[in-house]
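[1] Quick check, what structure comes out for this input:
(one chain, ligands or ions: 2)
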Amino acid sequence: MPRRVSSLHILDKQVSRRSAQTQADFSWWPCRSGCAGCCETLAEEPQVTRAEWTRLKRAVDALPESARGRIGRVLGRGGAGASSPGPLVCPLLESSSGRCSVYAARPLTCRTYGFYAGRSGIRACDLVIEGAVERGAERSVCWGNEDAIQRDLSRECGPARSLSWWWNHPDERG
Ligand code: SF4
Ligand code: SF4
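    Ligands and ions are numbered 1, 2, ... in the order given. Presented below is the predicted three-dimensional model:
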């Protein structure tokens, strides 16, 4: 397995352990597959490294033709934010089911969302933050370190670019 791909798997596992521990500690924790509020209100397209893009692209290529075509059209014209300002709907969100169409291959930034915090604050929606506050749990939650995991990802897998950038520069290394 190429080193970058195996490094990505190690980071995935690290995030998966942290989020599973949080869900075990707090049974009310709302993040789960199919809860797509955060995928519908993005500030920008997910930024991913080359190794993540390679995995994502393989998952997109395995989707039914209609889904592939829709994703290709959005990314090909510059991404979800190209035509309208404001919060973005991720092009990889399947509108009929409200689920991520590439959930098993989703980027690390999507895996940490809801469970990690960085210098810019907690990365989670109000459901998570208000849920913690209502239960008086905000001080006992052990948030993962977003800055550290993004630093490790960048060191191991190179620079992160938007989904549409990778789509439109298939031969670039990033
Ligand atoms: S961050 Fe919020 S919207 Fe996203 S999965 Fe968690 S609870 Fe759902
Ligand atoms: S890649 Fe999937 S999990 Fe990430 S924002 Fe898009 S739809 Fe949501």
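[2] what are the ranges of the helices in the chain?
    Secondary structure of the chain (DSSP state H): helices at 3-25, 37-40, 50-61, 65-76, 108-112, 126-134, 146-157, 163-168.
[3] just those: most buried one?
    helix 108-112 (a mean of 22; mean count of other C-beta atoms under 10 Å). All C-beta spots, glycine's among them, are computed from the backbone N, C-alpha and C.
[4] Find the nearest non-adjacent residue to R135, please.
    W28 (6.9 Å; C-beta to C-beta, 6 or more residues apart in numbering).
[5] And that neighbour, how far from D61?
    37 Å (C-beta to C-beta, to the nearest Å).
[6] check contacts around the residue nearest in space to the middle of the chain.
    Nearest residue to the geometric centre of the chain (C-alpha atoms, centre = their mean): C110, 1.9 Å. Residues in contact with C110 (C-beta atoms under 8 Å, 6 or more residues apart in numbering) are C38, C39, P46, C100.
[7] If we only consider those residues, which is nearest to ligand 1?
    C38 (3.3 Å; C-beta to the nearest ligand atom).
[8] Would you mind measuring from the closest one to V89?
    Taking C-beta to C-beta as the measure, C38 falls 11 Å from V89.
[9] contacting residues for H169?
    R161.
[10] quick one: pLDDT of it?
    On pLDDT, H169 comes in at 93.
[11] likewise the one 4 residues further on?
    Predicted confidence (pLDDT) at R173: the value is 74.
[12] my guess is it contacts R161, does it?
    No - if you go by C-beta atoms under 8 Å, R173 and R161 don't touch, sitting 10.3 Å apart.
[13] For these two, work out which one has more neighbours and name it.
    Neighbour comparison, R173 and R161: the larger count goes to R161, with 20 against 7 (by other C-beta atoms under 10 Å).
[14] ok, now which ones touch that one?
    Applying C-beta under 8 Å, 6+ apart, one finds that R161 lies in contact with Q47, V48, W53, H169, G174.
[15] residues contacting L56?
    Contacts of L56 (C-beta under 8 Å, 6+ apart): V48, L92, V102, A105, R106, P107, L163.
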